[in-house]
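# Sharing a model prediction with you, sequence too.
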Amino acid sequence: MSSNLSRKIERLVSYGLNTGLIPESEISYTINRLLDCFGESSYAPSAAGEETEKALLPEPILSELLDEAAARGIIEDSVTSRDLFDTRLMDCLTPRPAQVQETFWKKYAESPETATDWYYKFSQDTNYIRRYRIEKDLKWKSESPYGKLDITINLSKPEKDPKAIAAAGKARAGDASWPKCLLCPENEGYAGRPDHPARQNHRIIPLTLDGDPWALQYSPYVYYNEHCIVLNTRHVPMKVSRKAFTRLFDFVRLFPHYFIGSNADLPIVGGSILSHDHFQGGRYEFPMARAKACRSFIVPGFEDIDAAVIKWPLSVIRIQSKDTKRLVELADHILTAWRGYTDEDAFIFSETDGTPHNTITPIARARGGFYEIDLVLRNNITTEEHPLGVYHPHEQWHHIKKENIGLIEVMGLAVLPARLLSEMEAVKDCILSGKDLRASEKTAKHADWVDEWLPRRPGLSARNVDDILKEEIGNVFTHVLEDAGVYKQDTAGQAAFDRFIAAL
């Protein structure tokens, strides 16, 4: 046993004490668990009086321990193997689920915010949310006709290395039966495998929504502040329904400082794991929440509820009341009407050949003493011209954003692929040096786009090119959202929207 490993273990235990993950009474227990990870049975503590560094972040300590494990041949020196092993190490510091749940509800008795503040910090301290990766994500605001949009280039999800891909390909079919997916509560404490992340440091909080068992957790990738996942404890498919609306408001009553929303429940417009019923929420004001009403209306039989179309590139109805039961009734009425609605002049078809196309992306929140829910009308029909979806980013924008427009993008936050970072650097180099964008595979896909906006930027220089690229990427995201809107922002589109409202 090297004193070097003992010192590294000592530093990680000290981190656990500093963050409150372990109490003084569990120091020896934690050391022994960490020794077992390395196949060691002896330990050499520091000399009496020698201070241990009070580390505030686990990553530098874990990095040294991972290097040690790789040098000893315990793990392969790859991103996937290191991620699996450092999660195993952090499990040695992570309290058991019952302890975490007890602490959460004690904090909740003080206030819902106190509980989520503690739980969010806890999820970072255990390294379930890897702070050091989240900090790498690029974020900026972009002006649009609908207000400022949020743009991110997500760099926090590590790229799969070739060894991990090969190992995943050799995995037995039965390996995937537990957990059934990344959202199942059975992930709590799971050691992981090459094609499934380790979750030994993961803890969930049980909830009851509409009388059914659900659970609260945070997303390990945190696309926005306190990005949480609220999941059905059963592995059942996504379903937007009256029960879903009731559950959304049950959650908002439990955590009134959080919004909560659901992805749509059909392919293309779903944008998520459709096989497991879940919501996403958090403590963040999205651009769509700031959007104002452009016209109000009344639905017969629901004169007590404020209803409006909001100024947003997608087609959104916002309803508001102090009575959540009435909101659920009206939301269900709108959903039912929309699922069966066809307007051929507007190219809205409820179904073709028995395949349904209409659904809704709902987002609920509490605001100013009222409850409100935004109902985003979605349609996933495809054509020969638009095989990926008529109301999906059109092909001219795929060089920037090709993926489905799910809940997060619907609300005005672009989650763009990591490849854009290197591609925009190459585009910038071509623009400044006068190189041919079409000469390189990395930049050729962006050539038509640059040709369109470059003449409008006569003052472009090395000093402002980064800002201009960000603005133009933001403009693309605006167009992407407009493509996803079933009713366009022109006179004909809004007249068609009013026809649906009249049908209510």
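Now that the structure is in, tell me what you want to look at.
# which residue sits closest to residue 224 in space, ignoring its chain neighbours?
Using Cβ to Cβ, 6 or more residues apart in numbering and skipping the chain neighbours, the partner closest in space to residue 224 is residue 284 (4.2 Å). C-beta: built from backbone N, CA, C; applies to glycine.
# part of a helix, is the one you found?
No - note on residue 284: no helix contains this position according to DSSP: H, G, I helix; E, B strand; the rest coil, which reports coil.
# tell me the pLDDT at it?
The confidence metric pLDDT takes the value 97 at residue 284.
# where in the stretch 51-200 of the chain is pLDDT low?
51-55, 157-176 (pLDDT under 70).
# Run through the strands of it in chain order.
138-142, 149-153 (DSSP state E, counting those that start in this stretch).
# Buried residues, the first one. List them.
Buried positions in strand 138-142, judged by neighbour count with 16 or more other Cβ atoms under 10 Å: 140, 142.
# What pairs with it, parallel or antiparallel?
Strand 138-142 has the following strand partners under DSSP bridges: strand 149-153 (antiparallel).
# what does the partner strand contact?
Identification of contacts with strand 149-153 by Cβ atoms under 8 Å, 6 or more residues apart in numbering yields 137-143, 223-224, 286-287, 412-418, 420-421, 470, 473-474, 477-478, 481.
# Stretch 343-357 too?
Residues lying outside stretch 343-357 but in contact with it, judged by Cβ under 8 Å, 6+ apart, are 266, 339-342, 358, 379-381, 390, 486-487, 492-493, 496, 499-500.
# give me that answer again for 6 Å
Contact with stretch 343-357 is made by 340, 341, 342, 358, 379, 380, 381, 496, as judged by Cβ atoms under 6 Å, 6 or more residues apart in numbering.
# Which of those residues sits closest to residue 254?
Ranking the contacts of stretch 343-357 by separation from residue 254, with Cβ to Cβ as the measure, puts residue 358 on top at 30.3 Å.
# Can you classify residue 253 by secondary structure?
On the three-state scheme (three-state DSSP), residue 253 is labelled helix.
# Without its sequence neighbours, what residue ends up closest to it?
Computed as Cβ to Cβ, 6+ apart, the closest residue to residue 253 that is not its neighbour in sequence is residue 324, at 7.4 Å.
# now residue 276
Spatial nearest neighbour of residue 276, chain neighbours left out: residue 183 (4.3 Å); criterion: Cβ to Cβ, 6+ apart.
# I figured the one you found hits residue 230, correct?
No - under the criterion of Cβ atoms under 6 Å, residue 183 is not in contact with residue 230, lying 10.1 Å apart.
# Quick check on residue 381: phi, psi?
Main-chain torsions, residue 381, degrees, to the nearest 10: phi -60, psi 150.
# To residue 199, which of the strands of the stretch 51-200 of the chain lies closest?
strand 149-153 (24.0 Å).
# Sort out which one of the contacts of stretch 343-357 lies nearest residue 201 for me.
Out of the contacts of stretch 343-357, the member with the shortest distance to residue 201 (by Cβ to Cβ) is residue 380, at 36.9 Å.
# from memory that closest one sits against residue 264, does it?
No - the pair residue 380 and residue 264 does not pass the contact test of Cβ under 6 Å, sitting 8.0 Å apart.
# Who has more neighbours out of these two?
Remark: of residue 380 and residue 264, residue 264 carries more neighbours, 28 against 21, as counted by other Cβ atoms under 10 Å.
# quick one: that one and residue 363 touch, right?
No - the criterion here is Cβ under 6 Å, and residue 264 misses it with residue 363 at 11.4 Å.
# what about residue 309, neighbour count?
Around residue 309 there are 19 other residues, counting by other Cβ under 10 Å.
# what does residue 384 give?
Counted with other Cβ under 10 Å, residues neighbouring residue 384 total 5.
# Tell me the secondary structure of it, please.
The assignment at residue 384 comes out as coil when based on three-state DSSP.
# Next one: it from residue 353, what distance?
As judged by Cβ to Cβ, to the nearest Å, residue 384 and residue 353 stand 15 Å apart.
# can you check residue 300 too?
Remark: distance between residue 300 and residue 353 (Cβ to Cβ) = 33 Å.
# what does residue 390 give?
For residue 390, the distance to residue 353 equals 16 Å [Cβ to Cβ].
# Could you do residue 153 as well?
With distances defined as Cβ to Cβ, the gap from residue 153 to residue 353 amounts to 39 Å.
# per-domain residue ranges of this structure.
If you go by automatic domain parsing, the domain ranges for the chain are 3-93, 204-220+223-391+491-503, 419-484.
# could you dump the ones you listed to TSV with distance to residue 124?
Below are the domains of the chain laid out as TSV (distance: least, Cβ to Cβ, whole Å):
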stretch	distance to residue 124
domain 3-93	9
domain 204-220+223-391+491-503	9
domain 419-484	24
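# Can you tell me which of those is most buried?
Using mean count of other Cβ atoms under 10 Å, the stretch among these with the greatest mean number of neighbours is domain 204-220+223-391+491-503 (a mean of 18).
# and stretch 348-359, how far out from the chain's middle?
Once both centres are worked out by Cα atoms, centre = their mean, to the nearest Å, stretch 348-359 turns out to sit 28 Å from its chain's centre.
# Could you verify my assumption that residue 70 touches residue 77?
Yes - between residue 70 and residue 77 there is a contact at 4.1 Å, judged by Cβ under 6 Å.
# Does the residue nearest to residue 3 when sequence neighbours are not counted belong to a helix, a strand or coil?
Excluding its sequence neighbours, the residue lying closest to residue 3 (Cβ to Cβ, 6+ apart) is residue 44, at 4.7 Å. Remark: residue 44 carries the secondary structure label coil [criterion: three-state DSSP].
# which SSE is residue 365 in?
With secondary structure defined by DSSP states H and E, residue 365 is part of strand 358-367.
# pLDDT averaged over that strand - what is it?
Here strand 358-367 scores 98 as its mean pLDDT.
# Mind naming the longest helix for the protein?
With secondary structure taken from DSSP state H, the chain has its longest helix at helix 465-484.
# ok, residues contacting that one?
Counting by Cβ under 6 Å, 6+ apart, the neighbours of helix 465-484 from elsewhere in the structure are 140, 142, 144, 149, 151, 313-314, 391, 393-394, 397, 400-401, 405, 414, 424, 428, 453, 457, 460.
# Of the residues you listed, which belong to helices?
Among the contacts of helix 465-484, the members falling in helices (DSSP H) are 424, 428, 453.
# what sits against the last one?
Okay, so that is residue 453. residue 472.
# Could you dump the contacts of stretch 343-357 into CSV with distance to residue 332 and secondary structure added?
Output for the contacts of stretch 343-357, formatted as CSV (distance: Cβ to Cβ, whole Å; DSSP: H, G, I helix; E, B strand; the rest coil):
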residue, distance to residue 332, secondary structure
340, 13, coil
341, 15, coil
342, 20, coil
358, 14, strand
379, 19, strand
380, 21, coil
381, 23, coil
496, 23, helix
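# Give the single residue among those residues positioned nearest to residue 63.
Comparing the contacts of stretch 343-357 against residue 63 with Cβ to Cβ places residue 380 closest, at 44.0 Å.
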